[in-house]
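K.L.:
Just the structure for this:
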Amino acid sequence: MDGHCSHEKVHLAGGIVDGHVIECPKHFGTFDYRTGEARALPACVGLSTYEVKVENGTVFIRL
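P.N.:
Now for the predicted structure:
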């Protein structure tokens, strides 16, 4: 998924993860990191997600 909150482009790497949900560290909007779905305001636009697979120890991401 995109690494930045769709609300104000804050990097989500510092956010708290609870189950399958990551919380934006700035305004506390939340996203389901499996689907990119926005779960709580102020985030109302979902994140883009990308297909990922691992083959023989190499990670492939379909952009």
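
K.L.:
Give me the contacts around stretch 4-20.
P.N.:
The contact list for stretch 4-20 (C-beta atoms under 8 Å, 6 or more residues apart in numbering) reads 3, 22-27, 29, 31-34, 38, 42-47. From N, CA and C alone the C-beta is placed, and that goes for glycine too.

K.L.:
Of these, which count as buried by neighbour count?
P.N.:
With neighbours counted by 16 or more other C-beta atoms under 10 Å, the contacts of stretch 4-20 contain buried members at 22-24, 26, 29, 31-33, 38, 43, 46-47.

K.L.:
Quick check: the two most widely separated of those residues?
P.N.:
K26 and D32 (18.5 Å; C-beta to C-beta).

K.L.:
A38 versus the residue of the chain most remote from its centre, what's the distance?
P.N.:
Centroid-distance maximum for the chain: N56 at 25.7 Å, with C-alpha atoms, centre = their mean. In this view, N56 and A38 are 35 Å apart by C-beta to C-beta, to the nearest Å.

K.L.:
what do you get for H11?
P.N.:
From H11 to A38 the distance is 17 Å (C-beta to C-beta).

K.L.:
Just list the residues touching A38, thanks.
P.N.:
6, 29-31, 44-47.

K.L.:
quick one: which of the residues you listed sit in strands?
P.N.:
30-31 (DSSP state E).

K.L.:
can I get the contacts of A38 in CSV with distance to G15 and pLDDT?
P.N.:
Output for those, formatted as CSV (distance: C-beta to C-beta, whole Å; pLDDT from 0 to 100):
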residue, distance to G15, pLDDT
S6, 13, 91
G29, 9, 95
T30, 8, 96
F31, 9, 96
C44, 17, 93
V45, 16, 95
G46, 15, 95
L47, 12, 94
